[in-house]
Every structure is written in C-alpha cells, then in structure tokens.
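**Student:** Generate a structure from the sequence data that follows.
(one chain, ligands or ions: 1)
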Amino acid sequence: MPVGKRFKIACIGAGNVGATVAQYCLDMQLGDVVLFDIVDGLPQGKALDLTQAGPVRGYSCVATGTNDYRDIAGSNICVVTAGLPRKPGMSRDDLVEKNGTIVAEICENILRYAPESVVIFVTNPLDVMAYLALKKLGYPPRKVVGMAGTLDSARLRSFVAGELGVSMKNVDTMVLGSHGDEMVPLPAYTTVSGVPVTQLLPEDKIEAIVERTRKGGGEIVALLKTGSAYYAPAASVARMVQCILNDERQILPCSAFLTGQYGLKDVFVGVPVRLGEGGVEEIIELDLTSAQMEALHNSAAAVREGIQSLKNLGLL
Ligand code: TXD
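**Tutor:** Numbering: from 1, shown residues only. Modelled structure (predicted):
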C-alpha cells in the first residue's frame, strides 16, 4: 500500500463482471475503486451501493461511479470489462467488431488519463482484445495482461475437487492457450496436495473434466440465457489485481504477449506468468510434450484469426 494513500483501481465497464470485480476488490481491501460506464447512473448507483456495504463487511475503501474518463486519473490498475457478453449461440469471435471498437476507444482514454496503470483485459475475445490494446496503447508488453487462464484453472480445480471430494484449495493446475474451445488444460500439471491427478482419477474421468473445463463458459451461458459467467471471472481478476498491487509474484496462468516463448511471437495466449508490481514480470516456459505444444500452437492460430479479423475490419 503506498504510504499516505490507497491504491486506485479503475473498473472500466460496470456490468456484471466489472461491478463484481469492484465488490471483491473492496472486500479484499485492495484499494479504492472507480467504476466507469457509458450508461448514466449505473456506475454511480452500484458504487454507492458497494460503498454502503463497507461498514457491514468491514472495509474502509470506497467506490465512486462515473461516466467521465477524467476520474480514472492516477489509477494503479485499469480492469477492462466493457463490451458485450456472449449470448447463447454466439462465439467469442462474433464479438470482435463490436468489442474491438469499444476497446480502441477505451485505450485512448487510458493513455490520456492513466498512462502509468497496468491494464488487465477481460473483454472477449480476450486474447484478441488484449493484442488490440497493446498495439493501441504502445505500452511495454508487461503492462497489458489478459484474464482467462486463472478462471479456466479455477473451473478445472473445482471439477477435480468435486470428483475427488477434496477441498478445492488442495488442487493446483495449469491451463494454457487461448480462452476458447482451443484452450489447453494440462492434466499432467494438475496435482492434489502434490499428488498428480493422473494417479488419482482414471483417464476417462480426467478427459471428461478437461472437456467440461473447455466448455465451462458455454455451460454457464446456456444456463443463464441472458449473459455469461461473472462471479468466478471477477474473483480471478481480483486475485490478479492483488498479485500486482502487493507485488506477490505468484505464478498464474494469464494471457500474455509472447516474444518467442513456446516458439510463438506477436500474439497473446495463455501461459504461466509471474505477476508482480510491473505486471507480467516473467513468462514461464514449461517443458511441453509435442502434443501439448501442438495444442498451444493451434490455440495461437485461433487467436491470430481474430487478429486478422481486426485487421480486415480496419481496427488495427
Ligand atoms: O474469462 C474471461 N476473460 C471472461 C470474459 C469471463 C467472463 C466475461 N467475459 C467478457 O467480459 C464478456 O464476454 C464481455 O465481453 C465482458 C463483460 O462481461 P459482463 O458479463 O460484465 O457484461 P455486461 O454485464 O453486459 O457489462 C458490460 C458493460 C455494460 O455495463 C455496458 O454498459 C458497458 O460494459 N459498456 C461500456 N463501458 C464503457 N465504455 C463503453 N464504450 C462501453 N460499452 C459498453
């Protein structure tokens, strides 16, 4: 915590994910939150409501709501969730045009008002939007990071724990690749209190869990019908915010800009990242089998298709 002042977290987009990120960040006492949205009254109302939960929940950090980008000035972190969520039947890539336009406009304002901040991207298609943002912001790559792998890993952890009847805290895992059907869950890097899951569950059970993880977002979209998941996504973002603000240097799967790691460059894709005060402090290169490496490259190819769509649409 900086001496004499609290951290400032800007949540750009005050919808389901953005407001829930604000809620978790306040509850975890990470700093004051500015909720920004284009809808008049929405961020102001949610901010008031969140601040008034403070005396009951025991936090003294406050939220303010705004439709004016000038209020994000001085933010240590900007979390970008603004955009459209997926509706049933929509792929993440259907969102490229709409959300690409929104993200480009947001980047102009981050550059103008909060150029020192580390930026966490959530808006889908996540890896493609993070790429667009990095190019628009012109930041060093460490300052732009996407949230997906932490969520995908959390889903896998919850499924493994449920299957084994153990605490979710005991399960550790790694999910690489793009945030989409091409994600690469790694059973070989999944452990339960240090014991490889491959020793605890039969192959077909593991395969079913991996498949459910891949479709985890879609499962929730199909149930909700009017939007996509937000509690676990927001919790994952808040954890990343915490790692960065507290310079924790925990290794989390995040979408990061690759510059040759895993034989890939000029693309965002989910990889293990050491997250600290500067953002992405290091990209950890795991020793992957050729099948895993191929899956990661397929993932990157899917992200590149999205990047190509951005170019075709004149957004890049
Ligand atoms: O793992 C992940 N990365 C994800 C991504 C997990 C969950 C959700 N994921 C994506 O996040 C989802 O596909 C969407 O693209 C975003 C936000 O999802 P959310 O569920 O929060 O959507 P909402 O509730 O519709 O909120 C979006 C808000 C809404 O309040 C709009 O008014 C606002 O974005 N919005 C804007 N804010 C600022 N500036 C502009 N231009 C703007 N346009 C819309």
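**Student:** For this structure, what lies in contact range of the ligand?
**Tutor:** 12-18, 37-39, 42, 81-86, 99, 102, 105, 122-124, 126, 147-148, 151, 179, 227-230, 233 (Cβ under 6 Å from any ligand atom). C-betas here are computed from N, CA, C, even on glycine.
**Student:** before we move on, what SS does residue 75 have?
**Tutor:** State at residue 75, reduced to three classes by DSSP: H, G, I helix; E, B strand; the rest coil: coil.
**Student:** okay, now it: neighbour count?
**Tutor:** Using other Cβ atoms under 10 Å as the criterion, residue 75 is surrounded by 26 other residues.
**Student:** right, and it touches residue 115 too?
**Tutor:** No - counting by Cβ atoms under 8 Å, residue 75 stays clear of residue 115, with 10.0 Å between them.
**Student:** Give me the subset of the residues of the chain next to the ligand lying in strands.
**Tutor:** Using DSSP state E, the subset of the residues of the chain next to the ligand located in strands is residue 12.
**Student:** Just the ones of the residues of the chain next to the ligand in helices?
**Tutor:** Judged by DSSP state H, helices contain the following of the residues of the chain next to the ligand: 16, 17, 18, 42, 99, 102, 105, 126, 151, 233.
**Student:** want to throw these into CSV with distance to residue 216?
**Tutor:** Shown next, in CSV, are these (distance: Cβ to Cβ, whole Å):
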residue, distance to residue 216
16, 16
17, 15
18, 20
42, 28
99, 20
102, 25
105, 30
126, 14
151, 8
233, 11
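**Student:** Can you tell me which of these are classed as buried?
**Tutor:** Among these, those classed as buried by neighbour count (16 or more other Cβ atoms under 10 Å) are 16, 17, 18, 42, 99, 102, 126, 151, 233.
**Student:** what two of the residues you listed are the furthest from one another?
**Tutor:** By the measure Cβ to Cβ, 42 and 151 form the most distant pair in these, at 23.8 Å.
**Student:** For the ligand, give me its nearest residue in this protein.
**Tutor:** residue 15 (1.7 Å; Cβ to the nearest ligand atom).
**Student:** Relative to residue 83, how far out is that residue?
**Tutor:** Residue 15 sits 9 Å away from residue 83, going by Cβ to Cβ, to the nearest Å.
**Student:** Please apply the same query to residue 125.
**Tutor:** Taking Cβ to Cβ, one finds residue 125 at 10 Å from residue 83.
**Student:** likewise residue 150?
**Tutor:** 19 Å.
**Student:** The two: which is more packed in?
**Tutor:** Using other Cβ under 10 Å as the criterion, residue 150 and residue 83 rank with residue 150 on top: 26 against 22.
**Student:** Give the closest residue to that one in space, chain neighbours not counted.
**Tutor:** In space, and not counting its chain neighbours, residue 150 is closest to residue 236: 3.9 Å by Cβ to Cβ, 6 or more residues apart in numbering.
**Student:** State the next helix or strand along the chain beyond the strand or helix carrying that neighbour.
**Tutor:** Using DSSP states H and E, residue 236 falls within helix 231-245. The element immediately downstream of helix 231-245 (helix or strand, assigned by DSSP H and E) is strand 250-259.
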